[in-house]
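> I'd like to go over a predicted model; first the sequence, then the structure.
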Amino acid sequence: MSEPQHGEGTTRPVPVLEKPPAGHDTDPAPTPRPDPKRAARRFWSARRVPSAVAALLLLVVAGFFLYDVAAVRAGRSAMQWRDELAAQLAERPLDDTWVLVGAGVAAALGLWLLVLAVTPGLRGLLTMRRPAADVRAALDRAAAAMVLRDRAMEVPGVQSVRVRAGRRRADVRVVAHFRPLEEVRQDLDAVLEEAVRALGLARPLALSLRVRRPGRKG
């Protein structure tokens, strides 16, 4: 008998698939849902223009005072505008009209900057639901109004539609011309509620619907 050649007649280990222990779930971990409170937060405006204007004004004022102080330290006389300002502040009483006007303007500007700092701005954007924690989206209010208007125009009997989308409510004004108003209103309620849900907003808009007949000509 001839001996088997190299590689013939040899046994190889068969791979074995081990079963997971009982109770072990092999399905992937569910994706955590984003917090609805966090999802409803609005976008914050960068407010580059107010920031740039305020920084530029502060830079100009600080530059003038720094230059004048450095000139005085170097042995030169102070600028005339600073002498005049110091004299006016020393001589005018606190209840003077110009002092009150200047204080009011400064207080109004400061209050305006504080309001800009603590408010998000971008009132034209409606925050949408977040499908994932790292995804944020918003819908323009004009675009939302256009979608609702297009859906309302699909209802039979509707002649014209005007939609104004606010931050919390959408005002819909409809003119119907040949169907009974109650039937048109019922169809519009169903269509618009579905359209609002389809927008995917974090805070769905409340609907304010008004249906009327076209006015008489002449």
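Yep, that arrived. Small disclaimer: the values here were computed from a predicted structure and weren't measured.
> what is the rounded mean pLDDT of the longest helix seen in the chain?
Criterion DSSP state H: the longest helix present in the chain is helix 48-73. What helix 48-73 shows for mean pLDDT is 86.
> so how far is residue 170 from residue 146?
Distance from residue 146 to residue 170, counting by Cβ to Cβ, to the nearest Å: 11 Å. All C-beta atoms are positioned from the backbone trio N, CA, C, and that covers glycine.
> for the closest residue to residue 188 other than its chain neighbours, phi and psi?
Leaving aside its sequence neighbours, residue 188 sits nearest to residue 155 (Cβ to Cβ, 6 or more residues apart in numbering; 5.6 Å). Torsion angles at residue 155 (phi, psi; degrees, to the nearest 10) stand at phi -80, psi 130.
> hang on, the earlier thing: more neighbours, residue 146 and residue 170?
The neighbour count for residue 146 versus residue 170, taken as other Cβ atoms under 10 Å, is higher for residue 170 (23 against 13).
> and the more buried one, helix, strand or coil?
The three-state label given to residue 170 by DSSP: H, G, I helix; E, B strand; the rest coil is strand.
> list the buried residues in the longest helix of the chain.
Neighbour-count burial for helix 48-73, counted by 16 or more other Cβ atoms under 10 Å, picks out residue 68.
> also stretch 204-218?
Neighbour-count burial for stretch 204-218, counted by 16+ other Cβ under 10 Å, picks out 205, 207, 211.
> can I assume the second one sits in a helix?
The reference is to residue 207. No. Applying three-state DSSP, one finds residue 207 to be strand, outside a helix.
> can you list the domains in the protein?
According to automatic domain parsing, the chain comprises the domains 48-118, 131-212.
> most tightly packed of those?
Highest mean neighbour count of those: domain 131-212, a mean of 16 (counted as mean count of other Cβ atoms under 10 Å).
> show me how far it is from its chain's centre.
Distance, stretch centre to chain centre, for domain 131-212: 20 Å (Cα atoms, centre = their mean, to the nearest Å).
> host element of residue 189?
helix 181-198 (DSSP states H and E).
> dump that helix to PDB, restricted to CA.
Extracted in PDB, the C-alpha atoms of helix 181-198 (Å, rounded to 0.1, in the frame of the first residue of the first chain):
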ATOM      1  CA  LEU A 181     -68.700  76.000   3.600                       C
ATOM      2  CA  GLU A 182     -69.100  73.300   6.300                       C
ATOM      3  CA  GLU A 183     -67.900  70.500   4.000                       C
ATOM      4  CA  VAL A 184     -65.000  72.600   2.800                       C
ATOM      5  CA  ARG A 185     -64.100  73.400   6.400                       C
ATOM      6  CA  GLN A 186     -64.100  69.700   7.400                       C
ATOM      7  CA  ASP A 187     -61.900  68.700   4.400                       C
ATOM      8  CA  LEU A 188     -59.500  71.600   5.200                       C
ATOM      9  CA  ASP A 189     -59.300  70.600   8.800                       C
ATOM     10  CA  ALA A 190     -58.200  67.100   7.900                       C
ATOM     11  CA  VAL A 191     -55.800  68.100   5.100                       C
ATOM     12  CA  LEU A 192     -54.200  70.900   7.100                       C
ATOM     13  CA  GLU A 193     -53.700  68.800  10.300                       C
ATOM     14  CA  GLU A 194     -52.000  66.100   8.200                       C
ATOM     15  CA  ALA A 195     -49.900  68.800   6.500                       C
ATOM     16  CA  VAL A 196     -48.800  70.200   9.900                       C
ATOM     17  CA  ARG A 197     -47.800  66.800  11.100                       C
ATOM     18  CA  ALA A 198     -45.900  66.200   7.800                       C
END
